[in-house]
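Trainee: Build me a model:
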Amino acid sequence: MLEGKAVIGDTDMLESTQQDALNLAAKALDIFDVTEATAIARFIKKEFDSTYGPGWQCIVGTDFGSFVTHCYGSFIHFHIGNLAVLLFRGSAGPEAEAEAEADHVEALETESIK
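Mentor: Below you'll find the predicted structure:
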């Protein structure tokens, strides 16, 4: 694994989901070499698809730009060393966006009760 702490650049995920993303990235870096960006991205994407449902996209690399549309509550961009990770769930349309926002609000309320 790359030494150092993950630095979150931007996110709208719940803290528990953010932590899952960071933990999966660390696990991926234990399994794969840092030069295997595609394998790392595939690993994180598949794990998020199985845990949180389909539609997740993951980009991993040292030099990339992006502009993406995502479902509310499902975006994180962070760095571990010089490796950047962008993880998001694609937006499927207004109905899916409204449903995702309602789920996010419900999760926030549940998390604040704990």
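Trainee: Can you say which helix or strand has the residue nearest to the spatial centre of the chain in it?
Mentor: Nearest to the geometric centre of the chain sits Leu87, at 3.3 Å (C-alpha atoms, centre = their mean). Using DSSP states H and E, Leu87 falls within strand 83-90.
Trainee: Quick one: mean pLDDT for that strand?
Mentor: Confidence over strand 83-90 (mean pLDDT, whole number) is 92.
Trainee: repeat for stretch 36-53
Mentor: Rounded mean pLDDT across stretch 36-53 is 95.
Trainee: you'd agree Ala39 is up against Lys46?
Mentor: No. In terms of C-beta atoms under 8 Å, Ala39 does not count as a neighbour of Lys46; the distance is 10.7 Å. For the C-beta atoms, the positions are set from N, CA and C on the backbone; glycine is no exception.
Trainee: report the longest strand in this protein, please.
Mentor: strand 70-80 (DSSP state E).
Trainee: Tell me the buried residues in that one?
Mentor: Using 16 or more other C-beta atoms under 10 Å as the test for burial, strand 70-80 gives 70-80.
Trainee: so how far is stretch 43-53 off the chain centroid?
Mentor: In this view, stretch 43-53 has its centroid 9 Å away from the chain centroid, taken as C-alpha atoms, centre = their mean, to the nearest Å.
Trainee: Buried residues of it, list them for me.
Mentor: Buried residues in stretch 43-53 (16+ other C-beta under 10 Å): 43-45, 47-48.
Trainee: now what about that stretch, what contacts it?
Mentor: 17, 20-21, 24-25, 27-28, 31-32, 55-58, 60, 74, 85, 87, 89 (C-beta atoms under 8 Å, 6 or more residues apart in numbering).
Trainee: Apply 6 Å and report the result again.
Mentor: Stretch 43-53 has contacts (C-beta atoms under 6 Å, 6 or more residues apart in numbering) with 24, 28, 56, 58.
Trainee: For the last one, grab the count of nearby residues.
Mentor: Cys58 sits with 25 neighbouring residues when counted by other C-beta atoms under 10 Å.
Trainee: what packs against the host helix or strand of it?
Mentor: Element membership for Cys58, per DSSP H and E: strand 56-61. Judged by 3 or more C-beta pairs under 6 Å, 6 or more residues apart in numbering; DSSP states H and E, strand 56-61 is in contact with helix 37-52, strand 83-90.
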